[in-house]
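Visitor: how would this look folded up:
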Amino acid sequence: MGVAIAAAQRAEGRSAPNPPVGCAIIDKQGRLVAVGHTARGGRPHAETTALAMAGDAARGGCAYVTLEPCAHVGQTPPCAEALIAAGIARVVVAMRDPDPRVDGRGVDLLTKAGIVVREDVGADAASRVMAGFLHRAKQARPFVTLKTATSLDGKIALGDGAKRWITGPRMRRFVHLQRSRCDAILTAIGTVLADDPALTCRLDGADGDHPARFVLDSQLRTPLDSQLLASLSDARVTIFCAGDADSGRAEALRAAGADLQPVSLDDKGKLSLDAVMAAIAAAGYGHLLIEAGGKLASSLLRANLVDSILWTSSAQIIGNDGIPSVAELDLANLPENKRFQMVEEGHFGTDRFILMDRIVGSR
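Guide: Residues are numbered from 1 along each chain as shown. Coordinates of the predicted model:
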């Protein structure tokens with residue numbers, strides 16, 4: 001199962017709208033004969049790829065799959081039926097598929113065909129790889145990772161707001177790797193105007209691994225000569241705006257190639273984050289990376305919409321006149337229970353990172 005989970009990781013950020021699944025096949029002598037993962041764009045599925053690699057060696061063997069094999073006819077035949085046809089004798093599944101079209105039906109098909117099925121093997125590790133898919137299926141919103149790059153004292157920029165690199169090139173390459181493992185990325189118009197980011201994945205060998213890009217821009221201030229629009233050949237750009245946004249600006253941005261999506265406003269007159277998250281999930285994106293300023297970070301934290309935090313920092317000290325990474329949270333007291341726990345940490349020279357996940361049940 002560890003091999004299958006490692007294979008699934010190769011599909012992270014590349015398989016939307018389908019989940020990143022891995023499959024490893026062992027022949028009846030116990031030899032590893034095939035490994036597959038969900039292909040770019042979601043097809044072919046992991047089992048299909050692995051079975052094609054295994055050929056006749058699959059007969060009488062065992063398939064380890066990180067998600068219950070599908071049981072419905074979509075653009076391809078059901079993977080459960082493909083496993084049966086290949087003569088697989090045993091299937092080990094990390095977790096069941098919450099998609100109502102599957103959810104136990106794949107296991108039922110296999111067992112009725114006489115295949116021995118074992119479930120819940122490596123479920124925790126598999127669910128982490130598929131966190132975006134699971135969130136989208138169960139909560140109708142993406143799994144949200146808030147990323148920030150700060151000085152040692154938590155500032156994202158000097159007081160003038162001008163763009164300067166805070167962390168070094170090795171850490172920035174690491175962040176680009178994380179981008180490549182996400183389905184989509186969200187920023188706000190303030191960041192677009194201040195930094196003019198492209199939000200693409202600029203790593204050697206990662207061509208085509210760019211996340212879909214979304215911008216919160218209620219009044220359509222995104223410049224027509226921005227890097228976001230100049231790089232539309234790499235990945236689509238969707239701008240969330242208010243319903244009463246200027247029609248002339250809307251026409252110009254559409255002509256430049258951007259997609260526009262009006263969303264409802266919240267009780268403060270701002271774009272509804274709940275509506276934005278629902279729209280991103282409905283578009284088929286499960287893992288959403290946030291790269292923006294302190295205001296959006298604060299809004300997401302206050303709305304309890306952050307599931308993971310990737311915090312990178314340098315040894316620089318900027319001071320109180322710098323721009324904070326998180327704006328006001330209006331806390332009256334420190335929470336009694338922690339909301340996040342560290343799951344990984346590391347460093348590149350003097351730059352450090354920590355990855356934190358939200359504790360189940362915390363608010």
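
Visitor: domain assignment for the protein?
Guide: Listed domain ranges for the chain are 2-129, 135-358 (source: automatic domain parsing).

Visitor: In JSON lines, list these along with mean pLDDT and mean neighbour count.
Guide: Yep, even glycine has a C-beta here, placed from its N, CA and C like the rest. Below are the domains of the chain laid out as JSON lines (pLDDT from 0 to 100; neighbours: other CB atoms under 10 Å):
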{"stretch": "domain 2-129", "mean pLDDT": "94", "mean neighbour count": "20"}
{"stretch": "domain 135-358", "mean pLDDT": "94", "mean neighbour count": "17"}
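
Visitor: ok, the residue nearest the centre of the chain - contacts?
Guide: Central residue of the chain (CA atoms, centre = their mean): H287, 2.0 Å from the mean position. Contact analysis of H287 by CB atoms under 8 Å, 6 or more residues apart in numbering lists E12, G13, A131, G132, P142, F143, T145, R181, C182, D183, A184.

Visitor: Report the separation between it and G161.
Guide: Taking CB to CB, to the nearest Å as the measure, H287 falls 29 Å from G161.

Visitor: Which strand or helix spans E12?
Guide: Under the criterion DSSP states H and E, no helix or strand holds E12.

Visitor: Quick check: it touching R179?
Guide: No: at 11.1 Å, E12 does not count as touching R179 under the criterion of CB atoms under 8 Å.

Visitor: all helices of this structure, in order?
Guide: For the chain, the helices defined by DSSP state H occupy 2-9, 46-54, 79-85, 105-112, 123-129, 131-139, 169-180, 189-195, 227-230, 247-256, 273-282, 294-302.

Visitor: before we move on, back to that, now the residue nearest to the centre of the chain, nearest residue through space, not along the chain?
Guide: Once flanking residues are discounted, H287 sits nearest to G132: 3.1 Å by CB to CB, 6 or more residues apart in numbering.

Visitor: I'd say C62 and A86 touch.
Guide: No: using CB under 8 Å, C62 makes no contact with A86, being 11.6 Å away.

Visitor: Need the residues touching each of those two.
Guide: Common neighbours of C62 and A86, counting by CB under 8 Å, 6+ apart, are absent.

Visitor: so S151 touches S313, yeah?
Guide: Yes: assessed by CB under 8 Å, S151 is found in contact with S313 at 6.8 Å.

Visitor: Overlap of the contact sets of those two?
Guide: By CB under 8 Å, 6+ apart, the residues touching both S151 and S313 are I166.

Visitor: Wait, A131 touches F143, no?
Guide: Yes: if you go by CB under 8 Å, A131 and F143 touch, sitting 4.4 Å apart.

Visitor: Which neighbours do these two have in common?
Guide: Residues touching both A131 and F143 (CB under 8 Å, 6+ apart) are G286, H287, D307, S308.
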